[in-house]
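Participant: following is a predicted model, sequence given first.
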Amino acid sequence: MKVSLRASRLACERDDRWLFRALDLRVEDGDILRIEGANGSGKTTLLKLLTGQLPPTEGRIEWHGEPLARSREAFLSQLLYVGHAPGVSAALTAQESLAWAAAMAGVRAPVSDLERALEAVGLAGFEDIPARQLSAGQQRRIALARLELVPRPLWILDEPFTAIDREGVAWLEQRLVAHGDAGGAVVMTTHHTFHANGRVDSLLLGEPA
Ligand SMILES: Nc1ncnc2c1ncn2[C@@H]1O[C@H](COP(=O)(O)OP(=O)(O)OP(=O)(O)O)[C@@H](O)[C@H]1O
């Protein structure tokens, strides 16, 4: 098994307010988990916990049965995380930005691979345009091109559907399902309704208390 991420009895308190308590989840090969909930319900916070960026107030997170804190290196080597902001540098071109992201992930990416990834996300012809001159949706597409380039079994994606058009949404839905079908796993937050014939599990976070 490539992916085995488990959270038990997870709780998170911020500013004297419980965002969630006693939350259990399990993500394994082939799973696609969509985390939904109202603004402020703790979706981004939960992803921060699951990626080890924030310690839980209570509960355990395990990667292949080991506490995340003890298996961090192994966990991070299998994770592709795309955060809420596209994380694209305004001064870099689409291709430079993607090359930078690949290098940060330790992936050697020849120009042909960069071009293929940008083409897959609909950015053929925009490779040499600085990100500041691209639209919000095009900047999001640069970030999503990492899905094509960085081969990691676990994808944790914060609002990946934000700002992309209908065609982009269709591409991304298909890409997520294909990743699951290939034995990868996805955890994402989204307000976008997406069932893919029962392929997607949902976890609803409650209203903030
Ligand atoms: N750095 C922080 N310090 C203290 N409290 C925070 C911090 N970040 C977020 N919070 C609190 O946690 C709550 C949940 O934030 P979070 O970003 O996880 O919500 P969300 O469900 O992702 O919301 P949205 O749908 O608006 O993106 C916020 O309402 C805020 O009160």
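Facilitator: Great, that's in hand.
Participant: low-confidence stretches in this structure?
Facilitator: In the prediction, the chain carries residues with pLDDT under 70 at positions 207-209.
Participant: for the most centrally placed residue in it, give the beta-bridge partners.
Facilitator: For the chain, the residue nearest the mean C-alpha position is residue 157 (1.6 Å; C-alpha atoms, centre = their mean). Legend: beta-bridge partners of residue 157 under DSSP bridges are residue 82, residue 188.
Participant: which ones are touching it?
Facilitator: 81, 82, 186, 187, 188, 189 (C-beta atoms under 8 Å, 6 or more residues apart in numbering). Yep, even glycine has a C-beta here, placed from its N, CA and C like the rest.
Participant: which one of the residues you listed sits closest to the ligand?
Facilitator: residue 189 (6.0 Å; C-beta to the nearest ligand atom).
Participant: tally of neighbours for the closest residue to that closest one other than its chain neighbours?
Facilitator: Once flanking residues are discounted, residue 189 sits nearest to residue 43: 3.9 Å by C-beta to C-beta, 6 or more residues apart in numbering. Look at residue 43: counted by other C-beta atoms under 10 Å, it has 25 neighbours.
Participant: also residue 1?
Facilitator: Number of residues near residue 1 (other C-beta under 10 Å) recorded here: 10.
Participant: what helix or strand is the closest residue to residue 153 other than its chain neighbours on?
Facilitator: Distances taken as C-beta to C-beta, 6+ apart put residue 2 closest to residue 153, at 4.1 Å, once the chain neighbours are dropped. If you go by DSSP states H and E, residue 2 is not part of any helix or strand.
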